[in-house]
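Trainee: Everything below, folded, please.
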Amino acid sequence: MSAQASVTSATVHFVGAGPGAADLLTVRATRLLGAADVVLYPGTYLDPEVLSHVSPSATLIDTQDLDLDQITAHLVDAHRAGQEVVRLASGDLTVYSALSEQTRRLDAAGVTWDVTPGVPAYAAAAALVGRELTVPLISQSVVLTRTQARSTAMPATESLAAFAATRATLVLHLAIRRTRELMSEIEPEYGPDCPVVVVYRASQPEQQILRGTVGTIADQVEQAGLTQAAVILVGRALDPASGGESFLYDASRDRRLKRRASSEPA
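Mentor: Here you go, the predicted model:
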């Protein structure tokens, strides 16, 4: 929310719509949708069933053909009319949601706002294949990144090669059109046999899951004809047979220390 705003006074609610399924929204998100007078939603990526949570009397605005200033104008106009507004974003608002650009404009216009998180697409993708992205002794870090084609420039310090050198679990957004090129770029670090999972429209009716390796996944993506709305997961953590076991649940661990620490007064 803006520096001066409180949750109760906000009239513009940025809400993560999750990966697509209407039942993967948070309880708070469904409550806000049901109470909203105006809902702006990304028609390109959103399963229409998500809008079943919206009141029949609410005004719906599809933002897929609107630029940022037009979207902001709708938010400001609704706020000034005393209406509760929900601005839906696919997935979660913490990554690739244009939240910062929109909230800067709202702050300048004196409009209060708040944020309700959603299930991110990469989390939904990992859940679909039943994999943890941080596996002991294999990977304890997850890199969330994207690539540049006809999009905003990447910072010079955030090259894919630099991230690949960590061999952490890699999550590639907005990258499906360049799968072959990107797999060639990371192959020296991950190896051609490193597991890769591609999930298209996770949790939506059109959902597709492709399983392969750094060396084979590009052929599958091209054969499936995927060109958008897919997330790519790369890493040895995706191998169900790999990894060690967490010290947190090790039988040799002295749990009395943890219990004693939690019972001591602050």
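Trainee: how about the strands in the stretch 51-200 of the chain?
Mentor: Using DSSP state E, counting those that start in this stretch, the strands of the stretch 51-200 of the chain run over 59-62, 85-89, 113-116, 142-146, 169-173, 195-200.
Trainee: which of these is buried the deepest?
Mentor: Highest mean neighbour count among the strands of the stretch 51-200 of the chain (mean count of other CB atoms under 10 Å): strand 85-89, with a mean of 28. C-beta: built from backbone N, CA, C; applies to glycine.
Trainee: can you list contacts of that strand?
Mentor: For strand 85-89, contacts defined as CB atoms under 8 Å, 6 or more residues apart in numbering pick out 11-17, 32-33, 36-42, 46, 50, 71, 74-75, 78-79, 97-99, 102, 118.
Trainee: repeat that for 7 Å
Mentor: Contact with strand 85-89 is made by 11-17, 32-33, 36-42, 46, 75, 78-79, 97, as judged by CB atoms under 7 Å, 6 or more residues apart in numbering.
Trainee: one step back: quick one, which of the strands of the stretch 51-200 of the chain gets closest to residue 27.
Mentor: strand 113-116 (10.0 Å; CB to CB).
Trainee: okay, the closest residue to residue 245 other than its chain neighbours: pLDDT?
Mentor: Using CB to CB, 6 or more residues apart in numbering and skipping the chain neighbours, the partner closest in space to residue 245 is residue 136 (5.9 Å). For residue 136, the model assigns a pLDDT of 92.
Trainee: isn't residue 136 right next to residue 237, touching?
Mentor: No - counting by CB atoms under 7 Å, residue 136 does not reach residue 237; the two are 9.6 Å apart.
Trainee: higher neighbour count, the two?
Mentor: Neighbours per residue (other CB atoms under 10 Å) separate residue 136 from residue 237, with residue 237 holding more: 24 against 15.
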